[in-house]
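K.L.:
Return a 3D structure for these sequence lines:
(2 chains)
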Amino acid sequence: MLSRRCFIQGALLAASPLGAPFVIAQPARLKVGLMLPYTGTFAALGNAITNAFKLYVAEQGGKLAGRELEYVVLDDESDPAKAVDNAGRLVNRDKVDVLIGTVHSGVQMGMVKVARESGVLSIIPNAGADAATGPLCATNIFRTSFSNWQTIHALGKVMVEKGHKSAAWISWKYAAGEEMFKGFKEGYEKAGGRIVKELWLPFPNVEFQALITEIAAARPDATACFFAGGGAVKFVKDYDAAGLKAKIPLYGNGFLTDGTLQAQGASAQGIYTTLHYADSLDIPKDKEFRLNYAKTYKLQPDVYAVQGYDAAQLLDLGLKAVKGDIKAAKAMTAAMEGVTIDSPRGKWKVSRAHNPIQDSYLRQVVGEQNKYIAVAWKALEDPARGCKLTA
Amino acid sequence: MDPAIFLIQVLNGVQYGLLLFLVASGLTLIFGIMGIINLAHGSFYMLGAYLAFSLTRFIPNFWLSIVVGIALAFAVGIILEWLVMRLLYHRDHLYQVLLTYGLILIFEELRSLVWGDDVHGVPVPAALAFSIPLTDTLSYQVYRLAMSAICLAIAFGMYWLIQRTRLGMMIRAGSVNRDMVQSLGINIGLVYRLVFALGLALAALAGMLAAPVSSVYPGMGNQVLIISFVVVVIGGIGSVKGALVAALAIGLADTFGKVLAPQIAGMVVYLLMAAVLLWRPQGIFGRA
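P.N.:
Just a heads-up that it's a prediction; the model follows:
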């Protein structure tokens, strides 16, 4: 409240002819709306993104392109039902200049709707719904994380190279699960693999035993899956306890083993996954980022922190191109397109659909690390099907 | 379906059903005997799982930490009954729903403050951490079998407690006519307090037993809450025998639903409930 009043006083002074000579002309603060989950299952992700975003700003001396920032923070509670209202409030009432968020894809759909209608610049630091940079892509919507398709597309090639010609697929039956499946299937079949069994269970059910029995009966060469969080922990443990891990190796995208290794214990050892980030990457930028983040927050950063950091970077690069004048939207988004981001995950480029063109890494669980093994797919680009920007 | 695989699926269904029974039995006690619609029952399950996570780190013996956990949960039950539940016995169901829903929110926040929002795992007790091979590809974890045995033992224990002991007689009488039992000189307030604490301890025990094969994570109670209510409604409110039969039926329906009709797997259990309620609106063993 105090800062707003000071700001108004300052603005009045600057506007009055008498006051003008005594005030150093200062551009208004840039209003950054952070709409992220700060409570509930995804609270840790929302905090990591926020921390890293602020870390980047602090590294620039607290300003982006010469402009001070004012944050308007909103807890989206990962509740899709409130998404449109919440995003609308930030845009219409708080008049934010840029909207950063969010984690949950369902909430993201609401934010995308508001961003498309209002034209406010919007940067997505996590949610992977393919549509956001596909059929619903827009000049003012950018993403610094991934599309669901992108996280798992390289996995099929990896599995065929390891000699697994047939595979079972298992996931939750919901939007993200189905998008992951499409991404996997496309990559796996193109590489010459065959999916012999598709298994689904309702989200967020975690009674896997019946389906694990089905996998054992189908005897594929390997299993590919998409699970995250508590479900991922339980699935990996159940799969191991059923004795399948040694006989039918388990693969997935990185969410299967990210942030869950302590809970998964020995059951996760040796599992291969693909993702756009990994532990022990030999990238100087990553080492520097990890050190700074750990020093500032007394916490180890994760892939979500990297995505938040890059959201701030992308905003900074855009602002610099227009000398901090965010109202010059056309010039700014044009500058953000095709820009290269020097990310802790390795350099990546913004695609024409505004999604990262990035390397997909093959990682393996070693101890409590998702250790970098190789680049599974160099500069993987989401096909952005249905996006008019790529035409 | 291959007969061997069929039998394994039956085993999966029974095993899931027995765990469901353990959660739902506490709910049916509180709901059927005390007449309280307890939406916070899932939170008690979560409390148990988190207790197992913390206790097993301080107490090396898994079974000992379970015993300590049950004692703690029982104590929480006594306090909670004294603090809030006893105000509800003469109130309308709507008040109970409101208050116990509030308890869910309080338990979630407390969980977040005490344990944080991370996912945790609890190691399987070493003596049972091996699997027996069933087919050449599939094995069955011995801990799961032990879990089922414990659930069965508790089912019989509860049957004995309620049907064969003096306390059980008071509980049954109290569920029929609270005021009459009181006027016969029985401290019905104490009986209710014990029943509530027992119900809470049963849910917490289910959470503790499930923790090693499941994982421990925020919001885990909400998943079992709805299915527990389905068990109670199918089995007949207040009937322990009904809860056992219904839990087994649901375990099997859920297992075979996933395998045979994956497109409607999420609905199978509710279709079963609808069918039972059309046939017997009071539940299989419910009093008309």
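K.L.:
Could you list the contact residues of the stretch 51-200 of chain A toward chain B?
P.N.:
A:173, A:199, A:200 (Cβ under 8 Å from any Cβ of the partner chain). Where you see a C-beta, it was placed from the backbone N, CA and C, and this is true even at glycine.
K.L.:
from the residues you listed, which is closest to chain B?
P.N.:
Relative to chain B, the closest of those is residue A:200; by Cβ to the nearest Cβ it sits at 5.4 Å.
K.L.:
Wasn't the closest one part of a strand?
P.N.:
Yes: judged by DSSP: H, G, I helix; E, B strand; the rest coil, residue A:200 forms part of a strand.
K.L.:
any idea how far it is from residue A:210?
P.N.:
Look at residue A:200 and residue A:210: by Cβ to Cβ, to the nearest Å, they are 12 Å apart.
K.L.:
quick check, distance from stretch B:70-88 to the centre of its chain.
P.N.:
Counting by Cα atoms, centre = their mean, to the nearest Å, stretch B:70-88 is centred 17 Å from the centre of its parent chain.
K.L.:
Would you mark the buried spots in that stretch?
P.N.:
For stretch B:70-88, the neighbour count (16 or more other Cβ atoms under 10 Å in any protein chain shown) marks B:70, B:72, B:73, B:74, B:76, B:77, B:80, B:81, B:85, B:88 as buried.
K.L.:
likewise stretch A:156-163?
P.N.:
Buried residues in stretch A:156-163, counted by 16+ other Cβ under 10 Å: A:156, A:157, A:158, A:159, A:160.
K.L.:
Quick check: which ranges of the stretch 151-288 of chain B have low pLDDT?
P.N.:
For the stretch 151-288 of chain B, the stretches with pLDDT under 70 are B:288.
K.L.:
about what we covered before: in ChimeraX, how would I select the buried members of the residues of the stretch 51-200 of chain A next to chain B?
P.N.:
Buried subset of these, written as a ChimeraX selection, criterion 16+ other Cβ under 10 Å:
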select /A:173,199,200
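K.L.:
Just say helix, strand or coil for the spatially most central residue of chain A.
P.N.:
Central residue of chain A (Cα atoms, centre = their mean): residue A:126, 2.3 Å from the mean position. Under three-state DSSP, residue A:126 falls in the coil class.
K.L.:
Now for it: which residues touch it?
P.N.:
A:45, A:49, A:102, A:103, A:145, A:304, A:307 (Cβ atoms under 8 Å, 6 or more residues apart in numbering or on different chains).
K.L.:
helices or strands next to the helix or strand that contains the second one in the packing?
P.N.:
Going back to what we said before, that points to residue A:49. For residue A:49, the host element (DSSP states H and E) is helix A:43-59. Under the contact definition 3 or more Cβ pairs under 8 Å, 6 or more residues apart in numbering or on different chains; DSSP states H and E, helix A:43-59 sits against strand A:30-36, strand A:67-75, helix A:284-297, helix A:303-321.
K.L.:
measure the residue nearest to residue A:321 when sequence neighbours are not counted to residue A:82 for me?
P.N.:
Spatially, and ignoring its direct neighbours in sequence, residue A:321 is nearest to residue A:335 (3.3 Å; Cβ to Cβ, 6 or more residues apart in numbering or on different chains). Distance from residue A:335 to residue A:82, counting by Cβ to Cβ: 33 Å.
K.L.:
Name the residues that touch stretch A:158-168?
P.N.:
By Cβ under 8 Å, 6+ apart, stretch A:158-168 touches A:188, A:191-199, A:214-215, A:218, A:220-224, A:248-249, A:251, A:272, A:274, A:362, A:376.
K.L.:
Just say helix, strand or coil for the closest residue to residue A:134 other than its chain neighbours.
P.N.:
Spatial nearest neighbour of residue A:134, chain neighbours left out: residue A:386 (4.9 Å); criterion: Cβ to Cβ, 6+ apart. Secondary structure, three-state DSSP: residue A:386 is coil.
K.L.:
What residues does the stretch 101-250 of chain B have near chain A?
P.N.:
B:112, B:117-121, B:123-124, B:131, B:133, B:135, B:137-141, B:143-144, B:213-220, B:223.
K.L.:
Which members of the residues you listed are classed as buried?
P.N.:
Neighbour-count burial (16+ other Cβ under 10 Å) applied to these gives B:117, B:119-121, B:124, B:131, B:135, B:137-141, B:143-144, B:213-220, B:223.
K.L.:
just checking, which of the residues you listed belong to helices?
P.N.:
The helices, defined by DSSP state H, take in B:143, B:144, B:220, B:223 from these.
K.L.:
what about the helices in the stretch 251-391 of chain A?
P.N.:
Taking DSSP state H, counting those that start in this stretch as the test, the helices found in the stretch 251-391 of chain A are A:261-264, A:284-297, A:303-321, A:329-336.
K.L.:
do the stretch 1-150 of chain A as well
P.N.:
For the stretch 1-150 of chain A, the helices defined by DSSP H, counting those that start in this stretch occupy A:2-15, A:43-59, A:83-88, A:105-118, A:148-161.
K.L.:
Next, format those helices as TSV and append distance to residue A:286.
P.N.:
Below are those laid out as TSV (distance: least, Cβ to Cβ, whole Å):
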stretch	distance to residue A:286
helix A:2-15	35
helix A:43-59	12
helix A:83-88	32
helix A:105-118	26
helix A:148-161	19
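K.L.:
Mind putting the ones you listed into a markdown table with mean pLDDT?
P.N.:
Converted to a markdown table, these look like this (pLDDT from 0 to 100):
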| stretch | mean pLDDT |
| --- | --- |
| helix A:2-15 | 46 |
| helix A:43-59 | 94 |
| helix A:83-88 | 97 |
| helix A:105-118 | 95 |
| helix A:148-161 | 96 |
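K.L.:
Check the offset of the host helix or strand of residue B:181 from the chain's centre.
P.N.:
For residue B:181, the host element (DSSP H and E) is helix B:178-183. Offset of helix B:178-183 from its chain centre (Cα atoms, centre = their mean): 29 Å.
K.L.:
Repeat that for stretch B:78-92.
P.N.:
The answer for stretch B:78-92 is 20 Å, by Cα atoms, centre = their mean.
K.L.:
repeat for stretch A:172-189
P.N.:
Its chain's C-alpha centre and that of stretch A:172-189 lie 17 Å apart, by Cα atoms, centre = their mean.
K.L.:
on that earlier part again, which of the helices of the stretch 1-150 of chain A sits most buried?
P.N.:
Comparing the helices of the stretch 1-150 of chain A by mean neighbour count (mean count of other Cβ atoms under 10 Å in any protein chain shown), helix A:148-161 comes out on top with a mean of 25.
K.L.:
and the next element down the chain from that helix?
P.N.:
Immediately after helix A:148-161, counting by DSSP H and E, sits strand A:166-173.
K.L.:
list the buried ones in that next one?
P.N.:
Those would be A:166, A:167, A:168, A:169, A:170, A:171, A:172, A:173, for strand A:166-173 by 16+ other Cβ under 10 Å.
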